[in-house]
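Predicted model follows, preceded by the sequence.
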Amino acid sequence: MKITRFQWQDKVNWGILEGDTIFALVGDLYGDFGKGKEMCQLLDVRLLAPVEPSITVACGMNYMDHIKELEWPVPQEPVLFFKPANTVISPEDDIIYPAMSQDLRYESELCCVIKRQAKNVAEGEALDYVLGYTCGNDVTATDLTEKDGRLTRSKGFDTSGPLGPFLVTGLDPHNLAIKGRVNGVTKQDSNTSLMVFGIEKLISYISAFMTLRPGDVVWTGTPGGGSCPVKVGDVIEVEIEGIGVLKNKVVAPK
């Protein structure tokens, strides 16, 4: 099922997408819900980020092809950091190139959205806490990472966390093609099967020290090929099998 959050007739709505037709989402997104009456066509709406997280937690160095590319050791435990809620933007929204950076890069990622409160979750039960999956772009000011020695500025600046285009339920996250393109040229072409730590491990690991709540997002890392600088005017696309294409343009700071 493809769930969409969108703006139509000056209102923000949740819907269920079938083909190019959006139906009303009836009920509680994080509880029991179903398909209601037909509302509109996909071309008639502005898509919004399909989640409103209170917090997002991301895992770095989580794909074997990316680790080999950088010639780094394989981590023994998940390497985590936070992307604050201010980073989240919608499909087609602009990524603002931060004025303090000279080296901006993109990272295609599969993101999972939590559907109910998760604390001390066992790995074997972790997928029961997942509502669905969406595409993410972990935009990173790499030079700020090197300068600061930490990720607060380099991954936490406004507009650095595009999400979308849809939230998809019922996917098997273990074997999905994931691609990243810049101006139509494929830079990343990998598969979620290459994750070092799967989604079950990440949710269990994170929930052991902090409570995840409905709508929170877990970013699962980027595959090889993501260390590609982008510039103002570039269009970045993240495509994940079964979800769709997340597209954003890089613009100059105002």
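Right, received. Where do you want to start? Numbering: from 1, shown residues only.

which of the residues in whichever helix or strand residue 178 is part of are buried?
Secondary structure assignment for residue 178, by DSSP states H and E: strand 177-182. The neighbour-count criterion (16 or more other CB atoms under 10 Å) identifies 178, 179, 180, 181, 182 as the buried residues of strand 177-182. (Each C-beta comes from the backbone N, C-alpha and C, glycine too.)

Which strand residues bridge the third one?
Right, residue 180. Residues found in beta-bridge contact with residue 180 (criterion: DSSP bridges) are residue 188, residue 238.

Now do the same contact list for it.
Taking CB atoms under 8 Å, 6 or more residues apart in numbering as the criterion, residue 180 is in contact with 106-108, 186-188, 222, 225-226, 228, 236-239.

Residue 164 versus that one, what's the distance?
Remark: distance between residue 180 and residue 164 (CB to CB, to the nearest Å) = 15 Å.

Out of the contacts of residue 180, which is nearest to residue 95?
The shortest separation between residue 95 and any of the contacts of residue 180 is 7.2 Å, and it belongs to residue 236 (by CB to CB).

ok, residue 250 touching residue 230?
Yes. With contact defined as CB atoms under 8 Å, residue 250 reaches residue 230; the gap is 5.4 Å.

which residues do these two both contact?
Counting by CB under 8 Å, 6+ apart, the contacts common to residue 250 and residue 230 are 104, 236.

Turn the contacts of residue 180 into CSV, including distance to residue 77 and pLDDT.
Listed next are the contacts of residue 180 as CSV, based on distance: CB to CB, whole Å; pLDDT from 0 to 100:
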residue, distance to residue 77, pLDDT
106, 26, 96
107, 20, 96
108, 23, 97
186, 31, 96
187, 28, 95
188, 25, 95
222, 18, 95
225, 25, 85
226, 21, 70
228, 27, 85
236, 30, 98
237, 32, 98
238, 26, 98
239, 30, 98
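
Let's have the residues you listed in TSV, adding distance to residue 94 and neighbour count.
Shown next, in TSV, are these (distance: CB to CB, whole Å; neighbours: other CB atoms under 10 Å):
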residue	distance to residue 94	neighbour count
106	14	29
107	18	25
108	18	27
186	22	12
187	20	19
188	21	24
222	21	31
225	23	19
226	20	23
228	19	15
236	11	24
237	14	21
238	15	32
239	19	19
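
for this protein, which helix is longest?
Ordering each helix of the chain by length in residues (DSSP state H) puts helix 199-207 first.

Over that helix, what's the mean pLDDT, rounded is fine.
Summarised as a single mean, pLDDT over helix 199-207 is 98.

for the stretch 1-150 of the chain, what are the low-confidence residue spans?
Under the criterion of pLDDT under 70, none of the stretch 1-150 of the chain is flagged as low confidence.

residue ranges of the helices in it, please?
With DSSP state H, counting those that start in this stretch applied, the stretch 1-150 of the chain shows helices at 64-70, 142-148, listed in chain order.

what comes up buried for the first one?
Buried residues in helix 64-70, counted by 16+ other CB under 10 Å: 64, 65, 66, 67.

can you redo the residues you listed as JSON lines with distance to residue 13?
Written out in JSON lines, the entries for the buried residues of helix 64-70 read as follows (distance: CB to CB, whole Å):
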{"residue": "64", "distance to residue 13": "40"}
{"residue": "65", "distance to residue 13": "39"}
{"residue": "66", "distance to residue 13": "37"}
{"residue": "67", "distance to residue 13": "41"}
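
is it true that residue 12 touches residue 50?
No. Judged on CB under 8 Å, residue 12 makes no contact with residue 50 at a distance of 11.6 Å.

burial count for residue 6?
Residues lying near residue 6 (other CB atoms under 10 Å) number 24.
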